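**Q** A predicted structure for the sequence below; I have some questions about it.
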Amino acid sequence: MTQILERPDAAELIEIARATVLDELLPALPETHRLAARMVANALGIAKRMLDVEGVRLAGLEARAAAVVGEGEEPWRALCALIRSGAADPGCERHDTVAGLLADLARLRCETSAPKTLAGG
Amino acid sequence: MHEGCRERLRTWLARAAGEESLAILSAERLSGGAIQQNWGLVVRRDDGAEERWVLRTDNPATLEVSHGRTQEFALLRAAHAAGVSVPEPLFACDDAGVIGAPFLVMRRVEGIASAHRVVKWDDVGGGRERAARAMGRELARIHRIRPPREDLAFLGEPPGDPCHAFCEAQERALDAAAPHPILEWGLRHLRRTAPPPVPAVLCHNDFRTGNILWTERGLAAVLDWEFAAWGDPHADLGWLCARCWRFGNLAMEAGGVGPRTGLYAGYVEGGGDPPDPTRVAWWELAAHLRWATIALAQGERHLSGREPSLELALTPHIVPELEWHIVRDVAARERTGEAVA
């Protein structure tokens, strides 16, 4: 991110906002509002991790999808259609490539939305 | 509930109960229910007896696949008559003019439903084995309700092939969402490995921890009938046992509550056919896919601007975890030959 914008940057602000919700607000809240506070902290955590995803990783996965389905504007949508058609079923040439791509995609999506899942195996 | 609304409700209830001076002593919003609103009512009947009821009505936006309140009332009546442990259904009102939306009223049953409490509670329902058996018996009773049923005509024709019908419905759900190739991967696997058709029975379709009320003595009530439909009885067993509905207590395969063997034993005790583990495994994978597409639909309620809500906004972020297990489950099933059509 360009240094001409002031710091703390978006990720840093989200991080301290989340810590404030958890460490200062949550203990002071009545039970009726604690779930909402935990949801706020959860949302901020996901947002921070989404900001942290390196564009090059996303682009790399998308390029792999495009390589499977051929040239087109929407490789993920085309990949969905290809899977549904049966062209990546076991025994098909593209099966292992697609399976590997989806395993990596699943990992990246969990890293942002559900990192505890990865820790749990 | 504001005063005018409460008085209209009182008048309606008094007429429905045939008790002119029936009084609402209190009305409080109960927790839970992303799709429905539940209100706890304390009423005094004409003979002076106080009773505790629950009024169930719709939130502003509801999932298209869920039934309306009068239909849920018919399902509750059918289940009650079949001996299923449900709150006794009392009244249904399809006039939105009374409180703003159709509603049903049922007798309140005491117990604990909170999934995170229930899965940590070793004495749930008299102990985990007893609890698992109790769930099996309830499911067997539900599954004895079979088509055709005039009172349940709104459920439509039973599917000739419930697994095929499930896959079709999931395809439509995925077509309505942004691309999700991992969910497509899971769906394709399910299509390829679908077991042969079985005669359809009534499935609760959301029979899981969180929708069952427990006491330390036993299973008190099965709640939330809004997704009930004709289908493969194994769908309910798979939904309950799916990893995503064990709330972290993975060793207790029946909903994080009790052992799977107890569930199956209870199912047979209740008059059900012995469950087919292969079919249940198929429906457990299907459960992950279905929960994912429901989560996407709930997120859409927020994204559409119809119902801005942090809870709804967070729900689609459950999908990547479900996808993680779908990828691993499909790979494991392919390795063991389940993928062979």
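**A** Yep, it's here.

**Q** drop to CA atoms for contacts and neighbour counts, all remaining ones
**A** OK.

**Q** Find the nearest non-adjacent residue to the residue most central in space within chain B, please.
**A** The residue lying closest to the centre of chain B (Cα atoms, centre = their mean) is residue B:206, at 2.5 Å. If the residues on either side of it in the chain are set aside, residue B:206 comes closest to residue B:227, at 6.6 Å by Cα to Cα, 6 or more residues apart in numbering or on different chains.

**Q** how far away is the one you found from residue B:302?
**A** As judged by Cα to Cα, to the nearest Å, residue B:227 and residue B:302 stand 21 Å apart.

**Q** Compare the two (neighbour count), which wins?
**A** Between residue B:227 and residue B:302, counting by other Cα atoms under 10 Å in any protein chain shown, residue B:302 is the more crowded of the two (19 against 16).

**Q** State which helix of the chain is the longest.
**A** I went with chain A, as the question did not name one. Longest helix in chain A by number of residues, with DSSP state H as the criterion: helix A:31-52.

**Q** oops, chain B please
**A** Longest helix in chain B, counting by DSSP H: helix B:277-303.

**Q** and that one, does that touch chain A?
**A** No - contact of helix B:277-303 with chain A (Cα under 8 Å from any Cα of the partner chain) is absent, the minimum separation being 13.3 Å.

**Q** List the buried residues in that helix.
**A** Neighbour counts over helix B:277-303 (16 or more other Cα atoms under 10 Å in any protein chain shown) mark B:279-302 as buried.

**Q** Then stretch A:34-50?
**A** A:34, A:37-38, A:40-50.

**Q** cool, and stretch B:317-329?
**A** So for stretch B:317-329, counting by 16+ other Cα under 10 Å, buried means B:317-327, B:329.

**Q** swap in stretch B:146-163?
**A** Buried residues in stretch B:146-163 (16+ other Cα under 10 Å): B:146-147, B:152, B:155, B:158-159, B:161-163.

**Q** Equivalent analysis for stretch B:17-25, please.
**A** B:21-24.

**Q** With respect to chain A, which of those residues is nearest?
**A** residue B:24 (24.8 Å; Cα to the nearest Cα).

**Q** Need the nearest residue in space to that closest one, chain neighbours excluded.
**A** residue B:43 (4.4 Å).

**Q** Next: residue A:52.
**A** Residue A:52 sits nearest to residue A:11 (Cα to Cα, 6+ apart), 7.5 Å away.

**Q** so what's the one you found up against?
**A** Contacts for residue A:11 (Cα atoms under 8 Å, 6 or more residues apart in numbering or on different chains) come out as A:48, A:51-52.

**Q** Next secondary structure after the longest helix of chain A?
**A** As assigned by DSSP states H and E, the chain's next helix or strand after helix A:31-52 is helix A:55-69.

**Q** Give the other helices and strands that that next one contacts.
**A** With contacts taken as 3 or more Cα pairs under 8 Å, 6 or more residues apart in numbering or on different chains; DSSP states H and E, helix A:55-69 sits against helix A:75-85, helix A:95-113.

**Q** Flag every residue of the stretch 151-300 of chain B that's near chain A.
**A** Residues of the stretch 151-300 of chain B lying near chain A by Cα under 8 Å from any Cα: B:179-182, B:184-185, B:187-188.

**Q** Just the buried ones among those residues, please.
**A** For these, buried by 16+ other Cα under 10 Å: B:179-182, B:184-185, B:187-188.

**Q** And the pLDDT for residue A:55?
**A** Per-residue pLDDT puts residue A:55 at 89.

**Q** do residue B:37 as well
**A** pLDDT, residue B:37: 84.

**Q** wait, what's in contact with it?
**A** Residue B:37 neighbours (Cα under 8 Å, 6+ apart): B:29-30, B:56-59.

**Q** so it is in which element?
**A** Using DSSP H and E, residue B:37 falls in strand B:36-44.

**Q** could you dump stretch A:24-36 to PDB, C-alpha only?
**A** Extracted in PDB, the C-alpha atoms of stretch A:24-36 (Å, rounded to 0.1, in the frame of the first residue of the first chain):
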ATOM      1  CA  GLU A  24     -12.200  -3.600  27.000                       C
ATOM      2  CA  LEU A  25     -15.800  -3.700  25.800                       C
ATOM      3  CA  LEU A  26     -16.600  -7.400  26.100                       C
ATOM      4  CA  PRO A  27     -15.800  -7.700  29.800                       C
ATOM      5  CA  ALA A  28     -17.900  -4.600  30.600                       C
ATOM      6  CA  LEU A  29     -21.000  -5.700  28.600                       C
ATOM      7  CA  PRO A  30     -24.000  -7.400  30.100                       C
ATOM      8  CA  GLU A  31     -24.600 -11.000  28.900                       C
ATOM      9  CA  THR A  32     -27.300  -9.900  26.500                       C
ATOM     10  CA  HIS A  33     -24.800  -8.000  24.400                       C
ATOM     11  CA  ARG A  34     -21.800 -10.200  24.600                       C
ATOM     12  CA  LEU A  35     -22.700 -12.400  21.600                       C
ATOM     13  CA  ALA A  36     -23.000  -9.200  19.400                       C
END
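
**Q** what mean pLDDT would you report for that stretch?
**A** Computed over stretch A:24-36, the average pLDDT equals 93.

**Q** residues making contact with that stretch?
**A** Contacts of stretch A:24-36 (Cα under 8 Å, 6+ apart): A:37-38.

**Q** do that again at 7 Å, thanks
**A** residue A:37 (Cα atoms under 7 Å, 6 or more residues apart in numbering or on different chains).

**Q** In that stretch, which residues are buried?
**A** A:26, A:34.

**Q** tell me how far that stretch is from the chain's mean position?
**A** 27 Å (Cα atoms, centre = their mean, to the nearest Å).

**Q** ditto for stretch B:39-51
**A** With Cα atoms, centre = their mean, you get 28 Å for stretch B:39-51.

**Q** Just the terminal-to-terminal distance for it.
**A** Start-to-end, stretch B:39-51 (Cα to Cα) is 14 Å.

**Q** Can you give me the neighbour number for the residue nearest to residue B:188 when sequence neighbours are not counted?
**A** Once flanking residues are discounted, residue B:188 sits nearest to residue A:84: 5.8 Å by Cα to Cα, 6+ apart. As a burial measure, residue A:84 scores 20 neighbours (other Cα under 10 Å).

**Q** still on that earlier bit, so the residue nearest to residue B:206 is in contact with residue B:203, correct?
**A** No - between residue B:227 and residue B:203 there is no contact under Cα atoms under 7 Å: 8.6 Å.
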